[in-house]
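Trainee: pasting the structure only:
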DNA sequence: CTGAAAGCGCTTACAG
DNA sequence: CTGAAAGCGCTTACAG
């Protein structure tokens, strides 16, 4: 209790060698059943735990994964995008399930983060969850690849690069959302969210949106797409801009729930009713979506599955197995905001 | 690039001994300026990073803190209490600022978590953020203490125990919230939240509430306190129960924002207006509070400061410095839910 | 200011 | 099935 027990202490008490203790504790088949039980009993009694630093040093692995949340520095201080927090939860769980520990770090996009986690043997691999401008992001990825770091990123597939990426099928989500609005009788659809290559996920949602409109034979006015980043206030601003244009619209597909909630606030403030005058669909299905008034119909990203796939893929990559990019299907969660 | 550089590689290239490399990299005053610069330049060039496992093993420390989020198993899968997520953010930041890494783990209250983080030298200390039933929680704390683990817990002071705890001044928060409702002319105040010793934080808020009422000479009916755990649906149920009692009330102090939001949903559903018929105050100031309709007036817990104090205190404890429990003041955030 | 050496606590070939 | 020994990559007294 005063000082930590080591495998030598156990060896002494069990009357065997330290090597045998190590084997017994690792359930090596090489060790006699009886010996093993005795050793394990003593270990338990002494509250012995294998020293991670020593075993990691010896095996040159860490059984630890690092999660890097790359934040947009424009964001409020401890206000992390709820969607990423949900991912954090599922990644933590999936990591634990695989017997790994998780090191978490928030990084400013601006900082020099291409992270020494793997270099310093703190982690066997890295999961990157990023938002903010994608362009900045990309350089750092190159650096990671150069160093042969094992990593997987959450987001759209990086076509030109040998980067393992797992993401939701944003395009399909955009299609579903738009089809739903059309099915509800809406014909003048607006889109709030940056649709440039700086936000490839939003862009894919927008492209899905346009494809669905085209298939349904509905024309879309270019001005009905206004930019916004994924915050409530940006969604509010986006909707206000839309309203100022005086172009009529009877539905809004917001690129994220936060945007949708801000947009609903703007619409209501301007005397429009949701869903009667304007139907609204969001994206993500963050917890707030169900508390919104009216309840927000949205495209759910399956964060639980996403976390599992991210972790599994990274582990496969580390172990040298074959891996490939994956697109996780999204689904429509119907509430009240579309009537 | 193919294989990781070690201090021996650097020593070879720099024409010095490995010990000197180690000293130079650690900015030891014992090493010649010129030598140091040369070594550091080579290290940078080779993209060398000190192997954490080796240095930790040698120094018997890990420069890592572990954060254990103890969840109530009744909770939805990846739906973590937003307040704790906010704490997670600030703890992560504070940890990084001190040059430590953070290992994050979610634990079921039921599981045998008294965690081998420190035993196995993975972390130098542990931060516990828990919710759920406090009674269950307490036993595990004893176990941790027995093992001389360095840890700090978020929550009310553990009077009878030598446990370091940092928490918000829940009692004071309860007073402020109640005084605000009284100042708004309300006289029949209800409280939604478990007020038993199973939830000491809620209990403190309730006691503050009662004290403020007493000071103002307002009597409170015992039945105007109804139990609820910190979820939206539990808040909804609590408010419904309150309404069924037919005892009149013109204000609700909810023990958490999630409860407040659920209560507002119930009130509105039953045709009552917030704040005209019933004023509502929450507790926490989670992001959702500002998106609620009407905006939720609430008692803010300063999570940024809390994270910093938790980390600083734990670090002091680890270093053998003197530490003491701390109570962090709360503040009123006024929005629209109280008129 | 520098180097040779010990040792942190494990795991795992190697020999028996 | 077991033990003696090497070695993972560092840090830090010790000697110079």
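Mentor: Great, that's in hand. Since we're looking at a predicted model, the values are computed, not measured.
Trainee: distance of the residue of the stretch 151-300 of chain A found nearest DNA strand C relative to DNA strand D?
Mentor: Proximity of the stretch 151-300 of chain A to DNA strand C (C-beta to the nearest atom of the strand) peaks at residue A:151, 24.2 Å away. In this view, the C-beta of every residue, glycine as well, is placed from N, C-alpha and C. Counting by C-beta to the nearest atom of the strand, to the nearest Å, the gap from residue A:151 to DNA strand D is 21 Å.
Trainee: now do the contacts for that residue.
Mentor: Counting by C-beta atoms under 8 Å, 6 or more residues apart in numbering or on different chains, residue A:151 touches A:118, A:125, A:126, A:127, A:128, A:144, A:163, A:164, A:314, A:317.
Trainee: which ChimeraX command selects the buried ones in those residues?
Mentor: Entered in ChimeraX, the line below selects the buried ones among these, by 16 or more other C-beta atoms under 10 Å in any protein chain shown:
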select /A:118,125,126,127,128,144,163,164,314,317
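Trainee: among the contacts of residue A:151, which lie within helices?
Mentor: Residues from the contacts of residue A:151 lying in helices, with DSSP state H as the criterion: A:144, A:314, A:317.
Trainee: what pLDDT does residue A:16 get?
Mentor: We have a pLDDT of 89 for residue A:16.
Trainee: quick check: it touching residue A:32?
Mentor: No - using C-beta atoms under 8 Å, residue A:16 makes no contact with residue A:32, being 9.6 Å away.
Trainee: just say helix, strand or coil for residue A:277.
Mentor: Here residue A:277 is recorded as coil under DSSP: H, G, I helix; E, B strand; the rest coil.
Trainee: residue contacts, it?
Mentor: Contacts of residue A:277 by C-beta under 8 Å, 6+ apart are A:250, A:267.
Trainee: what about stretch A:12-27, distance to the chain center?
Mentor: Its chain's C-alpha centre and that of stretch A:12-27 lie 42 Å apart, by C-alpha atoms, centre = their mean, to the nearest Å.
Trainee: so is that stretch next to DNA strand C?
Mentor: Yes - applying C-beta under 7 Å from any atom of the strand, one finds stretch A:12-27 touching DNA strand C at A:18, A:19, A:22, A:23, A:25, A:26.
Trainee: distance of the last one relative to chain B?
Mentor: In other words, residue A:26. Applying C-beta to the nearest C-beta, to the nearest Å, the value for residue A:26 to chain B is 14 Å.
Trainee: contacting residues for that residue?
Mentor: Residues counted as contacts of residue A:26 (C-beta under 8 Å, 6+ apart): none.
Trainee: who has more neighbours, residue A:16 and residue A:32?
Mentor: Higher neighbour count among residue A:16 and residue A:32: residue A:16, with 19 against 13, using other C-beta atoms under 10 Å in any protein chain shown.
Trainee: please name the nearest non-neighbouring residue to the more buried one.
Mentor: Closest residue in space to residue A:16, ignoring its immediate chain neighbours: residue A:35 at 6.2 Å, by C-beta to C-beta, 6 or more residues apart in numbering or on different chains.
Trainee: can you classify that neighbour as helix, strand or coil?
Mentor: Quick answer, by three-state DSSP: residue A:35 is helix.
Trainee: same check, this time on residue A:19
Mentor: With three-state DSSP as the basis, residue A:19 sits in helix.
Trainee: how close does it get to residue A:29?
Mentor: The gap separating residue A:19 from residue A:29 is 15 Å, by C-beta to C-beta, to the nearest Å.
Trainee: who's more crowded, the two?
Mentor: Taking neighbours as other C-beta under 10 Å, residue A:19 and residue A:29 compare with residue A:19 leading, 13 against 6.
Trainee: quick one: contacts for that one?
Mentor: Contacts of residue A:19 (C-beta under 8 Å, 6+ apart): none.
Trainee: how is chain A carved up into domains?
Mentor: Annotated domains of chain A cover A:7-50, A:64-168+A:303-328, A:170-302 [automatic domain parsing].
Trainee: hey, least reliable of the ones you listed by pLDDT?
Mentor: domain A:64-168+A:303-328 (a mean of 79).
Trainee: now do the contacts for residue A:331.
Mentor: With contacts taken as C-beta under 8 Å, 6+ apart, residue A:331 has the following neighbours: A:176, A:299, A:300, A:302.
Trainee: if we ignore the residues flanking it in sequence, what's nearest the residue nearest the centre of chain A?
Mentor: Nearest residue to the geometric centre of chain A (C-alpha atoms, centre = their mean): residue A:87, 4.4 Å. Counting by C-beta to C-beta, 6+ apart, residue A:303 is the residue found nearest to residue A:87 once chain neighbours are left out, at 5.2 Å.
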